[in-house]
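Asks: Give me a 3D structure for the following:
(chains A and B)
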Amino acid sequence: EAEVAQSPRYKITEKSQAVAFWCDPISGHATLYWYRQILGQGPELLVQFQDESVVDDSQLPKDRFSAERLKGVDSTLKIQPAELGDSAMYLCASSLSGRAENEQFFGPGTRLTVL
Amino acid sequence: AQSVTQPDIHITVSEGASLELRCNYSYGATPYLFWYVQSPGQGLQLLLKYFSGDTLVQGIKGFEAEFKRSQSSFNLRKPSVHWSDAAEYFCAVGTNDYKLSFGAGTTVTVRA
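Replies: Numbers count the residues shown, from 1 in each chain, chains lettered A, B, ... in the order given. Reported below is the predicted structural model:
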């Protein structure tokens, strides 16, 4: 069964360092999402791509976060510089299209710890 | 703006007993409603979804949920819980602009 792949699964870094996360969505899925899940909370959308274009990045802290999906397939989320408050699980999801009725399939996530 | 409330942070249930998880939403239009499950260290898996039609929705793993418009609720139920159902459960509302808003989640512990 096709799955959303993410790497690394775990990342420990010191504050002020740069980190990057990678996501490979299910083949054929046009829409890709990055979520941040703080411990004890539900996921919050950071950015949504439709193919290679950003559809929504209103919740992305653009002073330190950036996301790209250059060829409309895999995607990278970067944080520079990392802050203590960035410690969280970063989840990637994909769906056939951005329509609400299309199921979002989630990857296993990247657990980030900032020291 | 839409929002989801899951009033129970943590529920403990005995194996074989029934389970009900509460979810209340706030959204001005007809919502799309979802329940996801997250096992430790894993991503989220869709259990079931409601868009329209029959207000009682059947999902995977023996779960069902009932949409009650008058109460703005979408509670999840399972008649008999298995130890493998121990996980965190998230209710979510999808809006017309294709966004998902999640509740804070309910952690389910199953005791033998």
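
Asks: mind checking the backbone torsions on the residue of chain A found nearest chain B?
Replies: Taking Cβ to the nearest Cβ as the measure, chain A has A:Gly42 as its residue closest to chain B, at 3.0 Å. The way it works is simple: take the backbone N, C-alpha and C, and place the C-beta from them, glycine included. Torsion angles at A:Gly42 (phi, psi; degrees, to the nearest 10) stand at phi -80, psi 160.

Asks: So for it, what's the pLDDT?
Replies: Note on A:Gly42: pLDDT of 92.

Asks: what sits against the nearest residue in space to it that is not next to it in sequence?
Replies: Nearest non-adjacent residue to A:Gly42, counting by Cβ to Cβ, 6 or more residues apart in numbering or on different chains: B:Phe102, 3.0 Å away. B:Phe102 sits next to A:42-44, B:4, B:36, B:90-92 when contact means Cβ atoms under 8 Å, 6 or more residues apart in numbering or on different chains.

Asks: Tell me how many other residues crowd B:Pro40.
Replies: If you count neighbours by other Cβ atoms under 10 Å in any protein chain shown, B:Pro40 ends up with 7.

Asks: that's a helix at it, yeah?
Replies: No: using DSSP: H, G, I helix; E, B strand; the rest coil, the assignment for B:Pro40 is coil, not a helix.

Asks: Of all the residues in stretch B:49-64, which ones are buried?
Replies: Under the neighbour-count criterion of 16 or more other Cβ atoms under 10 Å in any protein chain shown, stretch B:49-64 has B:49-50, B:57, B:59, B:63-64 buried.

Asks: my guess is B:Glu20 meets B:Ser73, correct?
Replies: No: the pair B:Glu20 / B:Ser73 is not scored as a contact, 10.9 Å apart, by Cβ atoms under 8 Å.

Asks: For A:Glu1, give me the pLDDT.
Replies: Listed pLDDT for A:Glu1 reads 71.

Asks: Tell me how many other residues surround it.
Replies: Counted by other Cβ under 10 Å, the residues lying close to A:Glu1 total 4.

Asks: what sits against B:Tyr32?
Replies: A:100-101, B:49-51, B:93-95.

Asks: in the sheet, who's paired with the residue of chain B found nearest chain A?
Replies: Nearest residue of chain B to chain A (Cβ to the nearest Cβ) works out as B:Phe102 at 3.0 Å. Beta-bridge pairing for B:Phe102 (DSSP bridges): B:Ala92.

Asks: Pull up the per-residue confidence for it.
Replies: Predicted confidence (pLDDT) for B:Phe102: 94.

Asks: gap between it and B:Leu44?
Replies: 9 Å (Cβ to Cβ, to the nearest Å).

Asks: How about A:Ala88?
Replies: Distance from A:Ala88 to B:Leu44, by Cβ to Cβ: 15 Å.

Asks: Please apply the same query to A:Gln41.
Replies: For A:Gln41, the distance to B:Leu44 - Cβ to Cβ - is 13 Å.

Asks: So for these two, which residue has more residues nearby?
Replies: Set side by side, A:Gln41 and B:Leu44 show more neighbours around B:Leu44, with 29 against 15, by other Cβ under 10 Å.

Asks: List the contacts of the more buried one.
Replies: A:43, A:91, A:93, A:106, B:36-38, B:90.
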